[in-house]
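[1] give me the fold of what follows.
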Amino acid sequence: MSSANGGNGARGANANGSQHRWRTWQSDEDIPQRKILIQHILRVFKQRKPELTNEWKHKLPDFVLRLEEAVYRGARSKDEYCDKATLEARLQAVARIMIQRQGMQQGRGGAGTSAASRQQMGALFPGMGGAMQQPVPGQAQGMMGGNGMLPNGAPILRGAAAQGAAYIGGQQQMMAGVPPGTMIPTPGAGGGQIKSEPDVPTGRARPAAKGKKLTKAQQAQLAAQQQQQMAQQAAMRHGGQGNVTNWRDISDEQLRKAYIVKQQRWLLFLRHASKCQARHGECPYTPHCHVAKQLWEHVLKCTLPQCNYPRCLASRELLKHHQTCKDARCPVCGPVRNAMLKQRQQAEMAHGNKRMKLDDDPHRGQQVVKGSSGLNKDRKPGGEGTSLMECFTPEEIRVHLSSLRLADKEKIQGQGQPSARQLHKEAERAVLNAESACRACGVERLTFEPPPLYCYSCVTRIKRGQVYHHAPTLGGETRRDAWCNPCFNGIQGFVDVEGQRFPKQALIKKKNDDDLEEPWVQCDYCEDWYHQICVLFNGRRNEGGEAPFTCPNCILSQLEKDERQVTKERPSSQQPANSLPKTKMSNFLEERLATVLANEREARSKQLGVPIDNVPTAEGLTIRVVSQTMKQMDTRSHYYSHFKGEGIPMHFAYRSRVILLFQNLEAVDVCLMAIYVQEYDDECPEPNKRRIYLSYLDSVKYFRPDNVTVATGESCALRTYVYHNILVAYLDYAKARGFTSCFIWACPPFQGDDYILYCHPKVQKTPKADKLREWYMKMLRSAQQDGIVLSTSNVYDEFRLGNQNHDIRNATEYPYFDGDYFSGIVEDWIPTIMKELEEAKNIEAKTKSSTVKISARKAAKAKSGLLSADAELNKELMKKLGSTISNMRNDFILAHMAHQCLSCRKYIAGATRHFATEGTPLVLCQDCKDFEDALPEHERRYTGRKLSSEECPELVTLTKEEKEEEKLESEFFDTRQAFLSLCQGNHFQFDSLRRAKHTTMMVLYHLNNPSEPAFVASCNVCSRELEPGKGWRCETCADFDICDNCRIRVGHQHPLMRQGRVAGDRTAMSQAERENRAAQIERTMELLVHACNCRDPKCDNSNCPKIKHLLKHAFSCTIKSAGGCQLCRKTWTLLQIHSKQCMDDNCPVPKCKDLKEYRRRTQEQIEERRREQYRLYLNAAR
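    Just a heads-up that it's a prediction; the model follows:
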């Protein structure tokens, strides 16, 4: 049984993105402390070397400022920066790097320092004079990477530095990390510093070998290139604003821009190298592309904390920041993303695609589909049908946007409770400057929770980062069948999945590290970008990427200008929850819940002493039954083979129902709770007759109002009160239909698992087993007070599992439910118990045939731990069940809705019930009372107690007409795993309210827009296939369909009815259309069975040959559905729909048995994983 409170939700992205901003400890508040440290360094240097030359006395202040700037930027914390004990060592390290860079520049022909200058600088740091003479290869590079500098020597700007804060000391200190001659290669620029191999880039003179003289031509070429390089560097330091003759004349703002531009270029250069397919030396953008490719390949593999590969550490640090940066105002990442976006827009426009864009950033892992502007200038505002916000009033739009931007909805200071307009205005300021962020939520990059993967063979979970293999895509539909690496290695030749065979070499290798970003959509009017989830955009309506879209801000503007009206008549893609078809059960549940809530509100009003209008209550609740179909559970092989002689059937038929609870929150319906139940009626054989199994229940914590305690019944939250009364109302409805008991397995979901609703909110905790049991027991006590439930117990006491030696019930008396703990675990126990029974019989036979006398003690010791030879499988199964669940017996709850005899355990109906009025409960039927009366008085169970009697009414037995309810089929809610897979595959998550709104909108879309039947009939006149919505069917003839043209041209003598919906029809599906669609599917299934049985080559049914042709093609086609064959795809869809409904063990439809076996095996794997987790939980509880 699922948790009433659901599972733990995955961590969702923060709505404001604040935890993703890249901050450091540096700020403008450090300026006073920095001034103090600068003066301290000057005093230390002057005291240490008072006889410095006049030249160095003049240079010393500038040198100190550069040293302090480097120390400040390299410190990891303020305490480290202010630590004077380590100051000298840090100054020496910085000075060493500066001297080594100057020495390297002198070796390359740059303006180096003189030996005297190096000696004077070395005098400031005793012990460094010799160390500064020659740079150590690789040492400077390691220091740059360790201090967060780029490969060009520029520091990675963070915090205030990146935002343009002022620096102390003027221009010189900014140049501490920029040695002359360093730059990032750009298209058309020579002289790269990223060289990591002996080859010299094209266009650059090769330096002469050591000891050889350069020729005049080489000297002239080298001098010209050095002059060109220095001019480029000066221009780049100037920020591209003209030529500069003296770098000391550059302002702080120009230097800051130069640093940022260098980092942006380095990112774009690495990204280009990661994608460039040009051969060595043939890249049209830069001749150094091959060097960056080598760096890129190394970075992808390198994990060393102190790697000596040139530019590895600095590039990794910059790439890591860019990958995780979600700050739309980042001066480095923001322009880079915008540049990438513009490049893709130009490329897409060049190919004529006006609507779809692919965000294929290699650092983000996957492609993200985005809609772009495709505005038809002649289109008037309104009628788009792509966003649910088209149906909102201006006030509802503002409330929705405010909930996205101000998740906590804090009050605006000094204004009390803010209005929606105030919240909208305040939130607008928060995202005003975020150019690349979503204009609704203010966050740029939001990623989905990766769905869990399980191995098809061993059912173990494939963890994040592990390698696995999956089946290829079938006709554009991605399959979720996966194999872990050990199971893949064990595959011999091929694998069979769902009736299809895949060769081992066709399985695709993949790593479980997908990181999919939320899709975007662009407004047709203002061309601003939004997350599709934020604006409730329906991606299924984006046919061909050309669907119109108007953002909420433009909708508000158009409404204020009277250019559009709020959509009143909603299309099929925007239908609310209350438009779903009603059933007898949904009406009963809604009416009873409304009455209960009204009574509770009145009681709370009296308790609080306030008018009833001032008492908050749950509003906007909708209950619907979205699926109710007949299913068949197959009795497992071991259980059936051993107990079929005792009346156990091969199949148990039951009705499956799915109940959903919706609440309208901020003008959007949100699914709050889902329930799966199994109903075994009076026609089902024992032991399941007239029983209910509460299979799964799941919920998410978005109920409103929150933190309200009810005033009636047991004290609990209003949310719990509503959920309890829905279950109580269901039990009341089931009791009125003749059901006698309800079984509940209170098993909470385990870590990482969801039962029905995918990905719960992180604030919602998974209940422990004891909390979940109490939750159900409180509900049953409420039902008992209303007279719906008569008594409660658990299966351990009900079937006397504690009586290991006598009076224990038989295993054939225990209900056999689909997915229950007993039905699965007993199948594993039977072979083990049978083996033990066989060993016991062999030991007994050897003992009897042996002539050697064995003492009684040795015989008892030999039999210890073994079953007796005369033991029965029926009893031994129950004994093992009792010993297994004894510590957790209360998890298996049983509620009785009819009177039951405590002696024979039969329900009393239409007979006399004898019961004790005092003491422990005692109920006897008339037969057991007569048997007790025949016993001696001292052996009677009621000796000394007074018994009363009453007549019990007959159990309700519904007629066939009364049992007939509207058949509601939904392929998405067929099983809880089907719905969970739909949510996982489409990233329909409930981990935040914004995603829960969008997910519910898409669930309602699928419920209101079921797919068309896979098979469409043909016209009986012209034999052409009928297009959707363009056919007519005769209600008099047995099987007659006619197209529109033949109906006008030829006509028909009987009345005709329109069949199906016209393609692209946006109106809501009516009840008649639903019934018509269900009837069409039923006729198609009957036709499929007929065609498989038909042997007449001239069959009277005009559609029979067509089905035969489809089947023949499917089994002879070499392309198959995996290759994209549409006929094969249509055939497999027909077979799958049939196999879900088929209850014939000898069905003639091909592949029916295989498909049913595949689904049965898949379901068993899921339930086996659940039982295995529960077994571990039981062992931990002992």
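[2] for I1119, give its distance to R1129.
    Distance, I1119 to R1129, by CB to CB, to the nearest Å: 10 Å. To be clear about C-beta, it is placed using only N, CA and C from the backbone, and glycine gets the same treatment.
[3] neighbour count: those two, which is higher?
    More neighbours surround R1129 than the other of I1119 and R1129, with 19 against 11 (other CB atoms under 10 Å).
[4] what residues of the helix or strand W775 falls within count as buried?
    Secondary structure from DSSP states H and E places W775 in helix 769-785. For helix 769-785, a neighbour-count test (16 or more other CB atoms under 10 Å) marks A769, L772, R773, W775, Y776, M777, K778, M779, L780, S782, A783, Q784 as buried.
[5] nearest to C333 among these?
    Ranked by distance to C333 (CB to CB), the buried residues of helix 769-785 are led by L772 at 45.6 Å.
[6] surely that closest one touches A746?
    Yes - if you go by CB atoms under 8 Å, L772 and A746 touch, sitting 4.9 Å apart.
[7] low-confidence ranges in the stretch 951-1100 of the chain?
    Scanning the stretch 951-1100 of the chain for pLDDT under 70 picks out 1011-1018, 1023-1030, 1038-1039, 1059-1075, 1077.
[8] strands along the stretch 951-1100 of the chain, start to end?
    Ranges of strands in the stretch 951-1100 of the chain, per DSSP state E, counting those that start in this stretch, are 1031-1034, 1041-1043, 1056-1059.
[9] reformat these as TSV; add mean neighbour count and distance to A506.
    TSV is the format used below for the strands of the stretch 951-1100 of the chain (neighbours: other CB atoms under 10 Å; distance: least, CB to CB, whole Å):
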stretch	mean neighbour count	distance to A506
strand 1031-1034	20	39
strand 1041-1043	23	40
strand 1056-1059	16	40
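[10] can I get those in a markdown table including distance to E966?
    Output for the strands of the stretch 951-1100 of the chain, formatted as a markdown table (distance: least, CB to CB, whole Å):
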| stretch | distance to E966 |
| --- | --- |
| strand 1031-1034 | 21 |
| strand 1041-1043 | 25 |
| strand 1056-1059 | 19 |
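[11] so which of the ones you listed gets nearest A667?
    A667 lies closest to strand 1056-1059 among those, at 34.5 Å (CB to CB).
[12] who does that closest one touch, helix- and strand-wise?
    If contacts are counted by 3 or more CB pairs under 8 Å, 6 or more residues apart in numbering; DSSP states H and E, strand 1056-1059 sits against strand 1031-1034, helix 1071-1093.
[13] again, 6 Å this time
    Contacts defined by 3 or more CB pairs under 6 Å, 6 or more residues apart in numbering; DSSP states H and E place strand 1056-1059 against strand 1031-1034.
[14] hey, C-alpha coordinates of the strand it packs on in PDB?
    The C-alpha coordinates for strand 1031-1034 follow below in PDB (Å, rounded to 0.1, in the frame of the first residue of the first chain):
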ATOM      1  CA  GLY A1031     -17.000   8.700 -42.400                       C
ATOM      2  CA  TRP A1032     -20.500   7.700 -41.700                       C
ATOM      3  CA  ARG A1033     -21.900   4.500 -40.200                       C
ATOM      4  CA  CYS A1034     -25.300   2.900 -40.600                       C
END
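[15] partner strands of that strand, parallel or antiparallel?
    With DSSP bridges as the test, strand 1031-1034 is paired with strand 1041-1043 (antiparallel), strand 1056-1059 (antiparallel).
[16] by mean pLDDT, which helix or strand of the protein comes out lowest?
    helix 139-146 (a mean of 34; mean pLDDT, DSSP states H and E).
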